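Participant: only geometry, no sequence info:
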């Protein structure tokens, strides 16, 4: 099969060029040579037969080389056109290689070297165009689709327990209280012994406390009073601090109880600290947290670590003291326990009870949060229900 770029007449068959096509019309070879080669000083008549074929071949190579250099594939369609024309099995370079057999053997090596360089150039350009178009596709896929509707930014919010915790900290900080923290896995001494709990106290039973079997046994703290003991051991009075944190008790989970919850305890130790100081401190806290219209009362009670002791009640925020199911028709809701620090507790921590006195109090953050936001079920705080948590985004 003869390549398809130049058609010579039957009379000129011995001088047939490699550019031959069955479909192309007959063309005067002198006109073709003058078109491709004859731009120089030599013409068709003066060229020898062997050099005629070489010159046409090399000019054709140069022409294709220039086409490749000027080609710019900007789309997949143009890239495919480039591949078919220059790299394909039926492309122009493949036809030049097919016509190489008609070149005289003495010149075939030189012409073949030119064709190899031309083929390598075409393959390099094809690879470069392919890589460039693939990079464009990757950039296009990463670009946002501006036709899509706008998706509003989803803003999170603080958990209601954290909101109330921070409010409590801010209120007591304005009264001069610092914030202290301690371990949640504690020894029996810091959780019970130093706080004046007797050995047979029900709180020491496994039914009420989570114990970890070690020698000696350790436990998950049941209150943040352990932080009070550590604070009094390592610092000298005056002491004024609150202790927020997570605590654990062996409770059946229900709408009013849970096996883990959060507490804030407070401690003030100094000379001449009285029960009046305790009442004024908690009175100010209640007014700041729940509003000026809320009433407060102290009920006598008992705790091993305080003497005297009192329960703290506030008027029901739901029925305004008239009586409802939440306050059990009493008009009052308990929020905290308090009292003057027992002298034995001060002595256990190395503080002279004859010189110093103090008061302590403790409240559940869940209880305060439920009253503030009128939440009926304690379990909602730990279920991670987004429908519930979204209600506090603006709190």
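Facilitator: Alright, I've got the coordinates. Fair warning: this is a prediction, and the values are worked out from it, not measured in the lab.

Participant: Need the phi and psi values for residue 234.
Facilitator: Backbone geometry at residue 234, expressed as degrees, to the nearest 10, gives phi -100, psi -10.

Participant: for residue 287, that is, sorry about that
Facilitator: Main-chain dihedrals, residue 287, degrees, to the nearest 10: phi -60, psi -40.

Participant: how about the nearest residue to it, chain neighbours excluded?
Facilitator: residue 294 (6.9 Å; Cβ to Cβ, 6 or more residues apart in numbering). In this view, the C-beta of every residue, glycine as well, is placed from N, C-alpha and C.

Participant: can you tell me the helix or strand for that neighbour?
Facilitator: Counting by DSSP states H and E, no helix or strand carries residue 294.

Participant: burial measure for it, as a count.
Facilitator: Around residue 294 there are 16 other residues, counting by other Cβ atoms under 10 Å.

Participant: do the one 10 residues further on as well
Facilitator: Other residues lying near residue 304 total 16 when counted by other Cβ under 10 Å.

Participant: mind checking how far it is from residue 388?
Facilitator: 37 Å (Cβ to Cβ, to the nearest Å).

Participant: and if you look at residue 356?
Facilitator: Distance, residue 356 to residue 388, using Cβ to Cβ: 45 Å.

Participant: before we move on, what about residue 344?
Facilitator: 44 Å.

Participant: For the helix or strand where residue 131 lies, name the packing helices and strands.
Facilitator: Secondary structure from DSSP H and E places residue 131 in helix 105-142. Packing contacts for helix 105-142, counted by 3 or more Cβ pairs under 8 Å, 6 or more residues apart in numbering; DSSP states H and E, involve helix 49-70, helix 76-82, helix 92-99.

Participant: out of the ones you listed, nearest to residue 364?
Facilitator: Residue 364 sits nearest to helix 76-82 of all those, at 68.1 Å, using Cβ to Cβ.

Participant: Out of the helices and strands in the chain, which is least certain?
Facilitator: helix 29-36 (a mean of 35; mean pLDDT, DSSP states H and E).

Participant: Show me the strands paired with the host helix or strand of residue 309, marking each as parallel or antiparallel.
Facilitator: Element membership for residue 309 (DSSP H and E) is strand 306-315. Here strand 306-315 has these sheet partners by DSSP bridges: strand 296-303 (antiparallel), strand 332-341 (antiparallel).

Participant: What lies in contact with that strand?
Facilitator: Contact with strand 306-315 is made by 275, 282, 286, 290, 294-303, 321, 331-343, 359-361, 363, 371, as judged by Cβ atoms under 8 Å, 6 or more residues apart in numbering.

Participant: Could you tell me which of the residues you listed count as buried?
Facilitator: In these, burial by neighbour count holds for 282, 286, 290, 294, 296, 298, 303, 321, 331-343, 359-361, 363, 371, counting by 16 or more other Cβ atoms under 10 Å.

Participant: Just the mean pLDDT for the strand holding residue 309, thanks.
Facilitator: In this model, strand 306-315 has a mean pLDDT of 94.

Participant: Run a quick neighbour tally on residue 274.
Facilitator: Neighbour number of residue 274 under other Cβ under 10 Å is 11.

Participant: For it, which non-adjacent residue is spatially closest?
Facilitator: The nearest residue in space to residue 274 (Cβ to Cβ, 6+ apart) is residue 357, at 7.4 Å.

Participant: mind listing what the one you found touches?
Facilitator: Going by Cβ under 8 Å, 6+ apart, residue 357 touches 269, 270, 271, 272, 273, 274, 340, 341.

Participant: same check, this time on residue 258
Facilitator: 251, 366, 378, 379, 382.

Participant: helix or strand for it, which one?
Facilitator: Going by DSSP H and E, residue 258 is not part of any helix or strand.

Participant: pLDDT at it, what is it?
Facilitator: According to the model, residue 258 scores 91 on pLDDT.

Participant: Compute the distance between it and residue 383, please.
Facilitator: Distance of residue 258 to residue 383, computed by Cβ to Cβ: 11 Å.

Participant: Also residue 323?
Facilitator: Counting by Cβ to Cβ, the gap from residue 323 to residue 383 is 30 Å.
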